[in-house]
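Novice: here's my sequence, what's the structure:
(chains A and B)
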Amino acid sequence: MDTARVPSGAPPALELSRVVKSFGPVVALRSGTLTLESGSIHALIGENGAGKSTLVKIVAGLYRRDAGEFRLAGEPVDFTSTAQSKAAGIAVIYQEPTLFPDLSVTENIFMGRQPSGRFGRIDRKAMRAEAAEIFGRLGVTIDPDRITEGLSIADQQIIEIAKAISLDARVLIMDEPTAALSGVEVERLFAVARSLRDEGRALLFISHRFDEVFALCDTVTVMRDGSYVATTPIVETTVDELVRQMVGRDVSELFPKLEAELGDDRLVVQGLTRAGVFHDISFRVRSGEIVGLAGLVGAGRSEVARAIFGVDQYDSGSVVLGGKPLPKGNPRVAMARGLALVPEDRRKQGLVLDATVSRNVTLAIRGALSKLGLITSGAENASAQVWASRLEVKTAFLDAEVGTLSGGNQQKVVLGKWLATEPSVLIVDEPTRGIDVGTKAEVHRLLSQLAQEGLAILMISSELPEVLGMADRVLVMREGRITGEFSREAATPEAVMFAATADAGALA
Amino acid sequence: MTAIAPRRRTAGGILATVLKQRETGILIALVLIVVAATVRNPGFLFSADGYRDLLLTPSILLLLAVGQAIVIVTRNVDLSVGSVLGLTAYLTGRLFIDAPGIPTIGVFVAGILLGALLGLINGALVAFAKVPSLVITLGTLYIYRGINVSWTGSDRINAGDLPVDFRGLGTGQLLTIPILTIIAVVVLVAAAWYLRNLRSGRELYAIGSDPAAAHLYGLKVTKRVLSAFVVSGALAGLAGVLYAARYGTVSSGAGTGWELQAIGAAVIGGVAISGGVGTLWGAAIGAFLLLTINRALPILGIQDFWQRAVVGALIIGAIVLDRVLAIRQSRRLLEARDAS
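Specialist: Residues are numbered from 1 along each chain as shown, chains lettered A, B, ... in the order given. Okay, here's the model as predicted:
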């Protein structure tokens, strides 16, 4: 940190000021402000949905801002493509790098700007030598001739970094690069990052792990709800301070939680394990109870849900539904026994976008609706009507195509589809992702009502206020393990955030 | 081609060997078939006609297969090449009839230009309308053929309509090698060099390997895909001119079904239908294998019905082989990664 060299008087390498971006009615970025200095590593932290990714995508040229200022080395810029951003010396390393799996490591580094000689012929020798030289500088041993398929995420990130170096990028943005790395790999990445800083480049490091932020970065900017909160030199702040800045808001007001009578155990999960994905997951959900499953994206929560429902396999452990064991790997039986899963990615896994609202709502109860194997649209509509009105799906006609509805209404249709099966246990994965505030509140009210009527609900959510506002009990997962369990009273934003981010050691 | 990194036997090195095997494999199959047919009937290779046919028959398909492979590498497909061939073959005949004394080179240029234009239409629809190429080129397959039928009617070009020296191209030899084969191989060498050594050639592989990554890299995806279709069309146009020279007779059905043979040749030759993998050399050998088998099987005493089944089995076998190799390779790469 002491080696940071800030050229005095020079304009910042990158400067964003009050940048705004919205998608239809959803404001993803209310007021993004960020200043990166050359020769410095800057951390950007915030909850999921705080607007970090949107900010990065604007810098990368993937999105265009609606308003606000964007300057690079003092010059105003406005990127309309990733090529422009790249040409201006910005390199973005995503959490999951996008490389060409069939091509060699060297080709991946130089694709689109290979060194060439006579007749434009690519100079493979020079290309390979430069790749080897960069790897040498980074102190890594990756064979430049191998294809990139099968490389670990860590190695793929190194290739992205090598790409950035060969481009002589002045600004490097790393979007949660350590999420999928082991301890050794993180150390290697940090060593590389520090050497890049010492070469005078500006680095932005997005992470959820405070220990890493404190170990690596010189300054930190906190974002919350799409807005800038504060920028502080790392030596002048603490974890507690940062957590306060990240969550700082009153959570209980947004989501009116109805009191529900808690009944028997409906879903009991014991020691569920899938090697490399999740380990020893045990919990129970009672009738009338909403259990929140909190944690960061990638903590393994959706994978647990999919394993319980039977879409994915698991290695060991057991699932008991309504007092009887549930066979693994059989979603059909799970559905018949009253388990419903509303998936995370509704467009891909929850809906037939080209089909009508009523077709979608009745999709999961086709068997019950059919007479002699035929389903009349009358029966479809009658059944869909019940749920559509209960969910207040704002669509004039039940035969509108689902793809044309807003995100909020789509989510209601998915919910309706599963509620039509009259489940006793409902698992919802990110029920309000990407939908506007008003509809969010409606979805919450609905879930709360369902619990009151005796449904057992497991709610996976990355939005802390949602979990804290809705859940009777909060489970926290981190890197495939349950790292915390809190009663409604004990679940403070700070406590949950800590369990979701901190080392297991720090917890104990 | 690949210098294997000195330190250890790397995954990349293994891949290079596997890829090599992929093309040598079909080459060996080709040699075996020729040998078997020749043993049964020495004239298959050692008569003047046999030797010439061996080289001549696949030459036109080779051009289509090269164009097809370029398109498939970008994760697209061009089903219209048979129809393009038919149109340009008929155009060739009409030019000689309607413009007597037209220089042969002019006819070649016209054929190639028409093919390129038809390819441009395919490419523009695929690249700008963002409709899968399978659908677009299935449509243009019928449209181009329809144009051909209404233009030709019940008419047809006969050998007598064509100048003697033009027809000589179709049967002539240079140093005992058929001229058509020389043309096809020159095109093959040039196209293979382009795909291997120029940036835009490598970008075709990148686009086919992962289109989303190609966008993030800032590659000119639209332009590249468009030009792949133009090249495929132009080569089909050239093939059409050569078709007229070789067969002399051109009806409105010329080239029907050739698109499937071209795809088959590319796939047998190791060009992955999902894009990003394969060489033009492989596609060319695939074309040779496909047509040589057609000629060899009757000699080997295999019934007509089974001949087609063998070709089908060959295509499926090639895809299964690629799949198996890919799975085995990725498992090997994963093991190598765990071991390190």
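
Novice: in stretch B:123-143, what counts as buried?
Specialist: Residues B:123-127, B:133, B:136-137, B:140-141 are the ones in stretch B:123-143 that count as buried (16 or more other CB atoms under 10 Å in any protein chain shown). Bear in mind the C-beta positions are built from the backbone N, C-alpha and C, glycine included.

Novice: isn't residue A:278 up against residue A:479?
Specialist: No: assessed by CB atoms under 8 Å, residue A:278 is found out of contact with residue A:479, at 9.1 Å.

Novice: list residues touching both of the two?
Specialist: residue A:300 (CB atoms under 8 Å, 6 or more residues apart in numbering or on different chains).

Novice: which one of these two is surrounded by more residues?
Specialist: Neighbour tally, residue A:278 and residue A:479, criterion other CB atoms under 10 Å in any protein chain shown: the higher count belongs to residue A:278, 23 against 16.

Novice: what separates the more buried one from chain B, distance-wise?
Specialist: Computed as CB to the nearest CB, to the nearest Å, the residue A:278 to chain B distance reads 20 Å.

Novice: pull the contacting residues for that residue.
Specialist: For residue A:278, the contacting residues are A:272, A:300, A:303-304, A:307, A:477, A:480-481, by CB under 8 Å, 6+ apart.

Novice: pLDDT score for it?
Specialist: pLDDT, residue A:278: 89.

Novice: show me what it is bridged to.
Specialist: On the basis of DSSP bridges, residue A:278 is bridged to residue A:274.

Novice: quick check: residues of the stretch 51-200 of chain A near chain B?
Specialist: The stretch 51-200 of chain A has residues A:81-84, A:86, A:98-105, A:107, A:111-114, A:116, A:120-122, A:143-147, A:149-152 near chain B, with proximity defined as CB under 8 Å from any CB of the partner chain.

Novice: just the buried ones from the residues you listed, in PyMOL syntax?
Specialist: Buried residues within these, by 16+ other CB under 10 Å, are selected in PyMOL with:
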select buried, chain A and resi 82+83+86+98+99+100+101+102+103+104+105+107+111+112+114+122+143+144+145+146+147+149+150+151+152
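
Novice: I'd like to know which of the residues of the stretch 51-200 of chain A next to chain B are part of helices.
Specialist: A:82-84, A:86, A:105, A:107 (DSSP state H).

Novice: what secondary structure does whichever residue of the stretch 201-350 of chain A sits closest to chain B sit in?
Specialist: Nearest to chain B, among the residues of the stretch 201-350 of chain A, is residue A:276, at 11.0 Å (CB to the nearest CB). Three-state call for residue A:276 (DSSP: H, G, I helix; E, B strand; the rest coil): coil.

Novice: return the residues in contact with the residue positioned nearest the centre of chain B.
Specialist: Central residue of chain B (CA atoms, centre = their mean): residue B:65, 0.3 Å from the mean position. Each residue near residue B:65 by CB under 8 Å, 6+ apart is listed here: B:261-262, B:265-266, B:269, B:283-284, B:286-287.

Novice: where does chain B have low pLDDT?
Specialist: In the predicted model of chain B, residues B:1-21, B:337-340 satisfy pLDDT under 70.

Novice: let's see 50
Specialist: For chain B, applying pLDDT under 50 flags the ranges B:1-9.

Novice: chain A too?
Specialist: A:1-7, A:250-253, A:504-508.

Novice: in the strand or helix carrying residue A:385, which residues are buried?
Specialist: For residue A:385, the host element (DSSP states H and E) is helix A:377-391. Residues of helix A:377-391 classed as buried by neighbour count (16+ other CB under 10 Å): A:379-381, A:383-384, A:387-388, A:391.

Novice: JSON lines for the residues you listed, including distance to residue A:423?
Specialist: As requested, those are arranged in JSON lines below (distance: CB to CB, whole Å):
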{"residue": "A:379", "distance to residue A:423": "20"}
{"residue": "A:380", "distance to residue A:423": "20"}
{"residue": "A:381", "distance to residue A:423": "22"}
{"residue": "A:383", "distance to residue A:423": "15"}
{"residue": "A:384", "distance to residue A:423": "17"}
{"residue": "A:387", "distance to residue A:423": "13"}
{"residue": "A:388", "distance to residue A:423": "18"}
{"residue": "A:391", "distance to residue A:423": "15"}
